[in-house]
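Asker: curious how this folds, go ahead:
(one chain, ligands or ions: 1)
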Amino acid sequence: MLLVKTQLGPSPIHGIGIFANEFIAKGTVIWEFTPGFDVYVNPDEVQRLPAAAQVQMLKYCHRERETGQYVLCADDARFFNHSDQPNTYDLPGREGPTVAARDIQVGEELTCDYFTFDADVLDKLRGD
Ligand SMILES: C[S@@+](CC[C@H](N)C(=O)[O-])C[C@H]1O[C@@H](n2cnc3c(N)ncnc32)[C@H](O)[C@@H]1O
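Answerer: Residues are numbered from 1 along each chain as shown. As a prediction, the model looks like this:
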């Protein structure tokens with residue numbers, strides 16, 4: 001779950017993005033997987049969902065490179081957009097945490113590098 005104050009808004013990158021609502025110092029933990037809140041979903045469960053639900057899952061989940069499992073963030077963390085110059089990164093480990101790569105000012109969009117954690121990155125960035 002998100003551990004800093006954020007808000008959603010229109011993004012210059014794509015659609016809706018997530019923006020800092022407080023100053024976030026470099027190294028601050030921004031997000032971590034929280035059992036009982038964020039959820040893992042097996043690919044076969046996704047396959048059994050109705051088509052419209054699959055579309056939502058494939059857009060808002062990421063698929064772990066190590067396990068192939070989908071990760072569904074239960075809060076606004078599902079609105080992180082990709083950037084080639086992200087201001088966050090994941091520490092090694094299955095469940096993050098995600099930390100600030102540099103100081104982030106109020107109003108800056110929070111971004112991450114999908115290539116580092118999402119097995120479906122090419123599908124995600126193909127456009128919609
Ligand atoms: C987790 S959602 C992010 C929230 C999304 N912006 C929205 O409005 O719903 C992932 C989707 O956002 C889009 N996206 C994120 N970063 C992008 C980027 N750098 N370039 C193009 N599309 C991007 C892709 O369509 C991707 O499937």
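Asker: got phi/psi on Asp75?
Answerer: phi -120, psi -160 (degrees, to the nearest 10).
Asker: which residues of the protein lie near the ligand?
Answerer: 11, 13-17, 59-60, 78-82, 124-125, 128 (C-beta under 6 Å from any ligand atom). Quick note: C-beta positions are derived from backbone N, CA and C, even for glycine.
Asker: now, of those, which are buried?
Answerer: Neighbour counting by 16 or more other C-beta atoms under 10 Å classes Gly17, Arg78, Phe79, Phe80, Asn81, His82, Lys124 among the residues of the chain next to the ligand as buried.
Asker: redo these as JSON lines? Include distance to Phe115 and pLDDT.
Answerer: Shown next, in JSON lines, are those (distance: C-beta to C-beta, whole Å; pLDDT from 0 to 100):
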{"residue": "Gly17", "distance to Phe115": "18", "pLDDT": "98"}
{"residue": "Arg78", "distance to Phe115": "18", "pLDDT": "97"}
{"residue": "Phe79", "distance to Phe115": "18", "pLDDT": "98"}
{"residue": "Phe80", "distance to Phe115": "13", "pLDDT": "98"}
{"residue": "Asn81", "distance to Phe115": "13", "pLDDT": "98"}
{"residue": "His82", "distance to Phe115": "8", "pLDDT": "98"}
{"residue": "Lys124", "distance to Phe115": "10", "pLDDT": "93"}
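Asker: got TSV for the residues you listed, with secondary structure too?
Answerer: Output for those, formatted as TSV (DSSP: H, G, I helix; E, B strand; the rest coil):
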residue	secondary structure
Gly17	strand
Arg78	helix
Phe79	helix
Phe80	coil
Asn81	strand
His82	strand
Lys124	helix
